[in-house]
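have a look; sequence and predicted model below, questions after that.
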Amino acid sequence: MKQVRLGIAPIAWSNDDLPELGGETSLDTCLSEMVRAGYTGTETGGKFPGTAEELGPILERHGLVLVSGWYSGELFHNSVEEEKRRARGQVDLFRELGAFAFVYGETADSIQGRREVPLSRRPSLTDAEMSDYGRRVDEFAAWVNETCGAPFAYHHHMGAVVQFEDEVERFLASTGDETGLLFDTGHLKFAGGDPIAAIARWGSRIRHVHCKDVRADVLAGIDWERDSFLDAVLAGVFTVPGDGMIDFGAVARELMVVGYEGWFLVEAEQDPAKANPLEYSAKGRAALAEAASAAGYEVVP
């Protein structure tokens, strides 16, 4: 029987891109409530120490393991060697703490953190640019895979150079097996994609899974010519599994079909003043555990 573990990102408690959302919440509160909600693993965040000597004992004290964490990459502009230098500290941290995945997010020219820029003005790549970009990502991914011990997982993301379903297709065609994919249900749905069909096509490349739901009414009200990605987050476009429009039972079944095994990680950025992090994280865990079990996974406690 394939196994899955359930983890969560700290962004539900404290949003690094929008400090007004939970900026006052301590790391200890965040980790303590993760455990109370039933999770056994976490991603890193802005309030996490950057060395294994500091972070390891904190996680151990809470009974949590390091699952993964976002790395803000700039390979669209930088050389591979420059990016290796920038990533060295995070690679070392993940290797020393035995992380499950190294999550790469492209931030060069991205509008994901710029509230003044509407969704319609995000960057896009020509075929030639995508080919050259994919070559650099492959080279960097090979280094991460060898040096880090945790597999490289590329995060398709709203506002970035790989956003729409067809762009993920082009990106995967421009890269090889060294470059794994972080499959994010919420970002794909926001971008108009079909998560179930995408899993079926991309299954062999999926190294890690982010589970976030989407509120249909909020999504329908977003004006791409006026609203930014962060505006959409503040409006509540994302929520935890089981609280939106995505069928996570079908997601889990399709991941089982393609042979995925590892972590389902809840990453649903919301305003903690409107969506209590402990309450919503517990709700998301219950929905994911039910979906995974029904799909035939053993949910590891």
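It's in.

quick one, helices of the stretch 51-200 of the chain?
Chain-ordered helices for the stretch 51-200 of the chain, with DSSP state H, counting those that start in this stretch as the definition, fall at 52-62, 80-97, 127-148, 165-174, 185-190, 195-202.

show me what contacts the residue nearest the centre of the chain?
Nearest residue to the geometric centre of the chain (CA atoms, centre = their mean): H210, 4.7 Å. For H210, the contacting residues are A9, H155, L182, F183, D184, T185, G186, H187, L265, V266, E267, taking CB atoms under 8 Å, 6 or more residues apart in numbering as the criterion. The way it works is simple: take the backbone N, C-alpha and C, and place the C-beta from them, glycine included.

then Y260?
Each residue near Y260 by CB under 8 Å, 6+ apart is listed here: K2, G203, I206, V209.

same thing with R226?
Taking CB under 8 Å, 6+ apart, we find R226 in contact with P118.

kindly report the same for the one 5 residues further on.
Going by CB under 8 Å, 6+ apart, D231 touches R115, I222.

now it: which helix or strand?
helix 229-235 (DSSP states H and E).

now do the strands in the chain.
The residue ranges that make up the strands of the chain, judged by DSSP state E, are 3-8, 41-43, 65-68, 70-73, 102-106, 152-155, 180-184, 206-211, 213-214, 238-239, 262-266, 298-299.

can you list the helices and strands that the last one packs against?
Packing partners of strand 298-299 (3 or more CB pairs under 8 Å, 6 or more residues apart in numbering; DSSP states H and E): strand 3-8, helix 277-295.

run the last query once more with 6 Å
Secondary-structure packing of strand 298-299 (3 or more CB pairs under 6 Å, 6 or more residues apart in numbering; DSSP states H and E): helix 277-295.

check which residues of the helix it packs on are buried.
By neighbour count, and taking 16 or more other CB atoms under 10 Å as the criterion, the buried residues in helix 277-295 are 277-278, 280-292, 295.

so what angle separates the directions of it and strand 206-211?
Taking axes from the mean of the first three to the mean of the last three CA atoms, to 10 degrees, helix 277-295 and strand 206-211 form an angle of 130 degrees between their directions.

all further residue positions should be reported with the first residue as 22.
Right, with 22 as the first residue, what we last looked at is helix 298-316.

output helix 298-316 as CSV, nothing but the C-alphas.
Included here for helix 298-316 are C-alpha records, laid out as CSV according to Å, rounded to 0.1, in the frame of the first residue of the first chain:
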residue,chain,number,x,y,z
PRO,A,298,-5.4,29.1,11.1
LEU,A,299,-5.9,26.3,13.6
GLU,A,300,-9.6,25.8,12.7
TYR,A,301,-9.0,25.9,8.9
SER,A,302,-5.8,23.8,9.1
ALA,A,303,-7.7,21.1,11.0
LYS,A,304,-10.5,21.2,8.5
GLY,A,305,-8.0,20.8,5.6
ARG,A,306,-6.3,17.9,7.3
ALA,A,307,-9.5,16.1,7.8
ALA,A,308,-10.6,16.5,4.2
LEU,A,309,-7.2,15.4,2.9
ALA,A,310,-7.0,12.4,5.2
GLU,A,311,-10.4,11.3,4.1
ALA,A,312,-9.6,11.8,0.4
ALA,A,313,-6.3,9.9,0.7
SER,A,314,-7.7,7.0,2.6
ALA,A,315,-10.6,6.6,0.1
ALA,A,316,-8.1,6.6,-2.8
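
that helix: how far from the chain's middle?
Chain-centre distance of helix 298-316: 17 Å, with CA atoms, centre = their mean, to the nearest Å.

now swap in stretch 177-186 and tell me
Put simply, stretch 177-186 sits 12 Å off its chain's centre (CA atoms, centre = their mean).
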